[in-house]
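Novice: below: sequence and its predicted model.
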Amino acid sequence: GENVEQHPSTLSVQEGDSAVIKCTYSDSASNYFPWYKQELGKGPQLIIDIRSNVGEKKDQRIAVTLNKTAKHFSLHITETQPEDSAVYFCAALANDYKLSFGAGTTVTVRA
Amino acid sequence: DSGVTQTPKHLITATGQRVTLRCSPRSGDLSVYWYQQSLDQGLQFLIQYYNGEERAKGNILERFSAQQFPDLHSELNLSSLELGDSALYFCASSVSSGGDNEQFFGPGTRLTVL
């Protein structure tokens, strides 16, 4: 099955700086890569996703890049704000319809 | 609020017992997914139902079972509970059966097995 690795496990940034989270996947057949944000006491919420026919996607302060050759994808958050503090999960979907999640990155934005 | 509801919010029970977790998907969503989130295993996909039929299966234990009813709500049954089953259990729903549709997660049920 698909194996997704996520780094770093924790990330502390100064408000206004950028945050980058990286993930690698093992199954070259994976074709859908969502990112989820989980706030304390809540379920994960989709913040952005990318499909394998696209190299980059941007939504305001959030962007995701995908390198299919290297089998890795990254989340970039620019101009970080305190409300960006949360746990972020990457995931990959292979042909078996099952989403495999990374272990998560706890992001703390320091005011 | 995602529109997905889960009950109960918290559940405390003893080893060997059986519990049922309930999920109501967003209005119009036909797919329901169950996930287990624990500190050591992260977020693990358990099972997916689409319009009442099992669609995909993850690393779900034989002691666990699920079903989706005609009104599209779903239940996850956990039996012969062990200490290691303590975790957050999330339900998610999506419009169709493909895993590449946005999945909306409920608030979760926290299960504690003593």
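Specialist: That came through fine.
Novice: and for the residue in chain B that chain A sits nearest to, nearest residue in space, chain neighbours not counted?
Specialist: Relative to chain A, the nearest point of chain B is residue B:105 (3.2 Å; CB to the nearest CB). From N, CA and C alone the C-beta is placed, and that goes for glycine too. Excluding its sequence neighbours, the residue lying closest to residue B:105 (CB to CB, 6 or more residues apart in numbering or on different chains) is residue A:43, at 3.2 Å.
Novice: now the one you found: how far from residue B:22?
Specialist: Per CB to CB, to the nearest Å, residue A:43 is found 15 Å from residue B:22.
Novice: same question for residue B:101.
Specialist: Per CB to CB, residue B:101 is found 22 Å from residue B:22.
Novice: same deal with residue A:85?
Specialist: 31 Å.
Novice: likewise residue B:71?
Specialist: Residue B:71 sits 12 Å away from residue B:22, going by CB to CB.
Novice: which one of these two has more residues nearby?
Specialist: Remark: of residue B:71 and residue B:22, residue B:22 carries more neighbours, 14 against 9, as counted by other CB atoms under 10 Å in any protein chain shown.
Novice: secondary structure element for that one?
Specialist: strand B:19-24 (DSSP states H and E).
Novice: one more: residue A:12?
Specialist: Taking DSSP H and E as the criterion, residue A:12 maps to strand A:10-14.
Novice: what does that strand rub up against?
Specialist: Here strand A:10-14 makes contact (CB atoms under 8 Å, 6 or more residues apart in numbering or on different chains) with A:19, A:21, A:80, A:105-110.
Novice: quick one on the thing from earlier: so who does the residue of chain B closest to chain A touch?
Specialist: Taking CB under 8 Å, 6+ apart, one finds A:36, A:43-45, B:2, B:4, B:35, B:90-92 in contact with residue B:105.
Novice: which bits of chain B sit near chain A?
Specialist: Chain B has residues B:2, B:4, B:33, B:42-45, B:48, B:55-56, B:58, B:90, B:92, B:97-100, B:102-108 near chain A, with proximity defined as CB under 8 Å from any CB of the partner chain.
Novice: so which of those residues sit within strands?
Specialist: B:33, B:42-45, B:48, B:55-56, B:90, B:92, B:104-105 (DSSP state E).
Novice: what's the neighbour count on the nearest residue to residue A:73 once chain neighbours are set aside?
Specialist: Distances taken as CB to CB, 6+ apart put residue A:66 closest to residue A:73, at 4.4 Å, once the chain neighbours are dropped. Residues lying near residue A:66 (other CB under 10 Å) number 20.
Novice: list the residues that contact residue B:49.
Specialist: Residue B:49 is in contact with B:31-32, B:55, B:66-68, B:74, counting by CB under 8 Å, 6+ apart.
Novice: pretty sure residue B:29 sits against residue B:104.
Specialist: Yes. Contact criterion CB atoms under 8 Å: residue B:29 and residue B:104 qualify, at 7.3 Å.
Novice: identify the contacts common to these two.
Specialist: Common contacts of residue B:29 and residue B:104 (CB under 8 Å, 6+ apart): B:93-94.
Novice: who does the residue nearest the centre of chain B bridge with?
Specialist: Centre of chain B computed as the mean C-alpha position; nearest residue by CA atoms, centre = their mean is residue B:34, 3.1 Å away. Per DSSP bridges, the residues bridged to residue B:34 are residue B:47, residue B:91.
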